[in-house]
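Engineer: Take this sequence and fold it.
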Amino acid sequence: MTTLRTLTLGLKGRLFAASLTLAGTLGAVAGAQAQDLKEVNFSEAVHNLGYINLYVGMHAGIFEKHGLDMNVSAAGGDTQTFAAVLGGSADFAIGDATMAVMSREAGGPGMVVGTVVQRAHYFGVSKNLDTITDPKDFKGLTIVTSPEPNTNYSVAKKMIEEAGLKVGEDVTILQVNPGTEIGAMLAGQADMAIAYQPSVASAVDQGAKVVFDFASFVGPFCNTGIMVLPETIENDPEMVQSLVSAFEEASKLTYSDPDYAKEVARMEFPDLPAEVVNAAIDAQLEYKIPAEGVIVERDQWDNLMAMQLYLGNIKGTVPFEEVIDNSFAEKAAMESDG
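Structural biologist: From the prediction side, this is the model:
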């Protein structure tokens, strides 16, 4: 005689078998989809919330939607990230786009196909200073930045010198590994750290405050570009278009859904308190630091080049049209608007 227990166990067994079959089917579909994706090795200069568009695109599945399987790694600085492209370990890099210009002037390759950060995404943070509105008030201070030629060093040096001050005499710049600027300031080694998010919000949470706003002072500025080799553009224009189109879509989503951007940011920086990460995203969007669109705007680029020419990092011999390929970004923007 069949008991209720036997029927129940039989039903459970069939349900379990069915679930395994379904899981296997879904796994096979997922595997097939993964095989259809183009693997992209992608290098970011430093893991930070200036690149929130990248992280939003990854978490929202936008890169996969455009057929890309992103393999992202942090290089540790602007020079290192472009070196990854030159060395072939990365298909694309995001960082100071001046690196592509420096390469071209030295007879090497390098193109920029999009903007990721459209303002100087640095803030002056201090435990003991009052708000500063004029760089002349940097006199007598020790400030901490990433090493030359990283962008926060370059922006600070130009600003100091244009204020009539001399680095090493009127102002001391302490150079530390990218991402550790806040720690040096909190430890008392400097009066002010020039850092990016979420380190800035973390410092504020620890009793420091923002005393200088570089984004507003500098204005439109191609702080971070998408760099790639000309041969990659020639050999695989579909991959380049897919990546640029994904960034365009991710940029739009970042601004249209700040709550989702915060959710992504919290996942990217799980060791920080949620309120710190949320405050960092609020500041990023308030000052319009992440690119609102991927096209490299002429005013943003001209400000970057003027700074680098002033500092002597470039000779200014590479015209905009020779290092910027906006064709992919323009197509992406047109498709996005359409």
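Engineer: List phi and psi for P178.
Structural biologist: Per-residue torsions, P178: phi -50, psi 130 (degrees, to the nearest 10).
Engineer: how far away is it from Y196?
Structural biologist: Distance from P178 to Y196, counting by CB to CB, to the nearest Å: 9 Å. (Glycine included, C-beta is placed from N, CA and C.)
Engineer: of those two, who's got more company?
Structural biologist: Taking other CB atoms under 10 Å, P178 and Y196 do not tie; Y196 has more neighbours (28 against 25).
Engineer: Contacts only, for that one.
Structural biologist: 46, 48-50, 121-123, 152 (CB atoms under 8 Å, 6 or more residues apart in numbering).
Engineer: change it to 6 Å
Structural biologist: 48, 50, 121-122 (CB atoms under 6 Å, 6 or more residues apart in numbering).
Engineer: Pick out the most distant pair among the residues you listed.
Structural biologist: Farthest pair in the contacts of Y196 (CB to CB) is N48 and Y122. Separation: 10.4 Å.
Engineer: With neighbour numbers in mind, choose between these two.
Structural biologist: The neighbour comparison of N48 against Y122 (other CB under 10 Å) goes to Y122, with 28 against 24.
Engineer: Kindly state the pLDDT recorded for that one?
Structural biologist: If you check Y122, the pLDDT there is 90.
Engineer: and V144, helix, strand or coil?
Structural biologist: With DSSP: H, G, I helix; E, B strand; the rest coil as the basis, V144 sits in strand.
Engineer: so it bridges to which residues?
Structural biologist: Counting by DSSP bridges, V144 is bridged to L174, A193.
Engineer: my guess is it contacts A193, does it?
Structural biologist: Yes. The pair V144 and A193 passes the contact test of CB atoms under 6 Å, sitting 4.8 Å apart.
Engineer: anything in contact with each of those two?
Structural biologist: Overlap of the contact sets of V144 and A193 (by CB under 6 Å, 6+ apart) consists of 181, 185.
Engineer: Where do the strands of the stretch 51-200 of the chain begin and end?
Structural biologist: Counting by DSSP state E, counting those that start in this stretch, one finds strands in the stretch 51-200 of the chain at the ranges 68-74, 92-95, 111-119, 123-126, 142-145, 172-175, 192-195.
Engineer: which outside residues touch the third one?
Structural biologist: By CB under 6 Å, 6+ apart, the surrounding residues in contact with strand 111-119 are 50, 94, 97, 100, 215, 221-228, 230, 244, 247, 289, 291, 294, 296, 300, 323-325, 328-329.
Engineer: One more: the second one?
Structural biologist: For strand 92-95, the external contacting residues (CB under 6 Å, 6+ apart) are 42-45, 78, 81-82, 84-85, 116, 224, 226-228.
Engineer: What about these, which are in helices?
Structural biologist: Within those, residues falling in helices by DSSP state H are 78, 81-82, 84-85.
Engineer: Which residue in those residues has the weakest pLDDT?
Structural biologist: When these are compared on pLDDT, D78 comes out lowest, with 92.
Engineer: ok, that residue - contacts?
Structural biologist: So D78 contacts 45, 95-96, 99, 150 (CB under 6 Å, 6+ apart).
Engineer: at 8 Å instead, please
Structural biologist: Taking CB under 8 Å, 6+ apart, we find D78 in contact with 45, 95-96, 98-99, 149-151.
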